[in-house]
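Participant: Could you work out the structure for the sequence below:
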Amino acid sequence: MKKLLYLVFASVLLVSCQITERAYIEENGSVRYETELNFSEMIGMVYNDATKDSLRQIGQFPIDSVMNFSDLEKMEPQSDQKEMSAGERDFMKVLDKMKVHMLVNDNEGKVTFGIQEKDINSFNAYMKQIQAASEKLAKEDPDAAENFSKSGLMNPMEFQYNGKSFQRIASNQTAGIFDDMNDSTANSMKQMMGMFQYKMEYHFPKKIKNSSIENATYSLDGKTMTIDVSMTELIENPEKYNFKIEFE
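Facilitator: Residues are numbered from 1 along each chain as shown. As a prediction, the model looks like this:
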């Protein structure tokens with residue numbers, strides 16, 4: 001993981017934030033999927049006035065840029081760059097299709113990771129490609145794998161869509177994650193995760209007839225479903241938030 005991204009995640013993990021998982025299924029079958037980290041409410045804690053003034057002097061504040069994931073490395077000073085392991089290099093190559101939108105100013109702080117594919121099959125194939133690369137990285141460079149895992153970029157995801165129904169199938173690899181920790185550490189982690197708000201926001205080209213998930217809210221046109229859940233609950237019971245939707 002590149003130093004700039006380390007800084008972003010380290011900053012976000014120190015404050016509460018909104019994490020939003022978004023998916024857009026378009027009329028032509030294409031898929032856009034993104035994860036947004038929004039720490040706008042705590043922007044003053046992450047970037048104080050002195051930090052902002054310093055960054056302004058070198059043209060690094062405010063920030064509003066879109067880049068490929070691999071381009072993050074180019075934003076580091078040359079002296080800070082180091083040789084990547086073969087596993088990390090392969091993983092970065094796979095993630096090159098992923099776009100990163102960084103928006104940081106006096107009032108907003110957002111980092112959004114997104115991918116776009118022509119159809120559901122292509123999306124699922126790319127998710128499997130990321131998973132295979134992450135498994136290789138875990139074997140060849142455990143430290144780098146751990147850092148990527150913390151970013152949430154290694155969580156497997158699969159969609160099923162046939163025009164009549166849609167299904168979200170996420171991995172259950174986080175289930176039981178607190179079981180291997182001692183009580184003190186587990187409680188501390190749960191308290192920290194409890195600071196995070198997690199939202200799922202799914203947009204469809206057709207009106208939703210019914211959904212298997214409880215406590216969801218719907219847009220006025222019935223084409224968007226939103227689910228709010230605590231991060232702790234999502235980590236402990238990921239399969240609970242897999243769902244199936246039928247359309248009118």
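Participant: for this protein, longest helix please?
Facilitator: Using DSSP state H to assign secondary structure, the helix with the most residues in the chain is helix 120-140.
Participant: ok, which stretches of this structure are strands?
Facilitator: Secondary structure of the chain (DSSP state E): strands located at 18-25, 31-38, 63-68, 99-104, 109-117, 157-161, 165-170, 197-203, 208-211, 217-218, 224-230, 243-247.
Participant: export these to a markdown table and tack on mean pLDDT, mean neighbour count and distance to residue 51?
Facilitator: From N, CA and C alone the C-beta is placed, and that goes for glycine too. Converted to a markdown table, these look like this (pLDDT from 0 to 100; neighbours: other C-beta atoms under 10 Å; distance: least, C-beta to C-beta, whole Å):
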| stretch | mean pLDDT | mean neighbour count | distance to residue 51 |
| --- | --- | --- | --- |
| strand 18-25 | 92 | 19 | 22 |
| strand 31-38 | 92 | 19 | 18 |
| strand 63-68 | 88 | 13 | 13 |
| strand 99-104 | 89 | 19 | 11 |
| strand 109-117 | 91 | 20 | 12 |
| strand 157-161 | 93 | 17 | 35 |
| strand 165-170 | 94 | 18 | 36 |
| strand 197-203 | 92 | 18 | 25 |
| strand 208-211 | 96 | 14 | 44 |
| strand 217-218 | 97 | 11 | 37 |
| strand 224-230 | 93 | 17 | 30 |
| strand 243-247 | 96 | 17 | 41 |
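Participant: And those strands: which comes nearest residue 93?
Facilitator: strand 63-68 (10.7 Å; C-beta to C-beta).
Participant: which residues sit against the closest one?
Facilitator: 96, 97, 98, 99, 100, 101, 102, 103, 104, 105 (C-beta atoms under 8 Å, 6 or more residues apart in numbering).
Participant: List just the nearest of those to residue 222.
Facilitator: Comparing the contacts of strand 63-68 against residue 222 with C-beta to C-beta places residue 101 closest, at 28.3 Å.
Participant: give me the beta-bridge partners of the closest one?
Facilitator: Beta bridges link residue 101 to residue 66, residue 112, judged by DSSP bridges.
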